[in-house]
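**Student:** Structure here, sequence nowhere to be found:
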């Protein structure tokens, strides 16, 4: 996985086989990503690299990241649900997402046309961090299988990636991992799905991609 912001804009996140190749989606959105980076840095956030992508923090707290996906590039607010979003510019990454909200862009002009709004939203997110505001997450009703808990203990990076998934994606994996009666089968399912989880892909996302 990429650990450098500069390398991200050249080679991508490194979480899939397309990283550092001409087919990496990073090349589709070069100009858009550079402008988004410029806008974010003007707001006084600290730039670092987490989960292979540029992440921007305030006093050590994650505020937002910048990502390139197949159909769009985005600014993702970690606590976007706290923002007023009076102009209805933000989108959920998934229907069950409780916290993250996205600015999605498909061309340079779209970014330029709302640059002032983007900055206003960023400053609002910073103020939320200053105030110590937190998202009140709905508890997952499904018990986590022992094998998954063991995986969390053995691999903190895996645990962080799993907790970064939307609640709906987490629930989908928990139900899938819990189904088998034998522990070895549950463990095998977890290991098989580990690359998907590390890439931020949900179990049902995988099936949708297979059908295309």
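**Tutor:** Everything's here; your move. Here the structure is a predicted model, which is why all the values come from computation and not from measurement.

**Student:** Could you double-check that residue 105 lies in contact with residue 111?
**Tutor:** Yes - here residue 105 lies in contact with residue 111, judged by Cβ atoms under 8 Å, at a distance of 5.3 Å. In this view, the C-beta of every residue, glycine as well, is placed from N, C-alpha and C.

**Student:** Assess the claim that residue 175 and residue 144 are in contact.
**Tutor:** No - here residue 175 does not reach residue 144: they are 10.9 Å apart, not a contact under Cβ under 8 Å.

**Student:** Can you pick out the residue with more neighbours from those two?
**Tutor:** residue 144 (16 against 12; other Cβ atoms under 10 Å).

**Student:** Tell me how far that one lies from residue 109.
**Tutor:** Using Cβ to Cβ, to the nearest Å, residue 144 is found at 45 Å from residue 109.

**Student:** Note down every partner strand of the longest strand along the chain and its orientation.
**Tutor:** Ranked by number of residues, the top strand in the chain under DSSP state E is strand 61-68. The strands that strand 61-68 pairs with in its sheet are strand 53-58 (antiparallel), strand 73-77 (antiparallel) (by DSSP bridges).

**Student:** With distance to residue 8 and mean pLDDT as new columns, can those be given to me in TSV?
**Tutor:** Shown next, in TSV, are these (distance: least, Cβ to Cβ, whole Å; pLDDT from 0 to 100):
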stretch	distance to residue 8	mean pLDDT
strand 53-58	6	95
strand 73-77	12	95
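
**Student:** Go through those strands and name the closest to residue 127.
**Tutor:** Residue 127 lies closest to strand 53-58 among the strands paired with strand 61-68, at 9.6 Å (Cβ to Cβ).

**Student:** what sits against residue 160?
**Tutor:** Neighbour list for residue 160: residue 51 [criterion: Cβ atoms under 8 Å, 6 or more residues apart in numbering].

**Student:** And it, how far from residue 14?
**Tutor:** In terms of Cβ to Cβ, residue 160 sits 16 Å off from residue 14.

**Student:** Am I right that residue 49 falls within a strand?
**Tutor:** Yes - assignment of residue 49 by DSSP: H, G, I helix; E, B strand; the rest coil places it within a strand.

**Student:** so what pLDDT did the nearest residue to it once chain neighbours are set aside get?
**Tutor:** In space, and not counting its chain neighbours, residue 49 is closest to residue 5: 4.8 Å by Cβ to Cβ, 6 or more residues apart in numbering. We have a pLDDT of 93 for residue 5.
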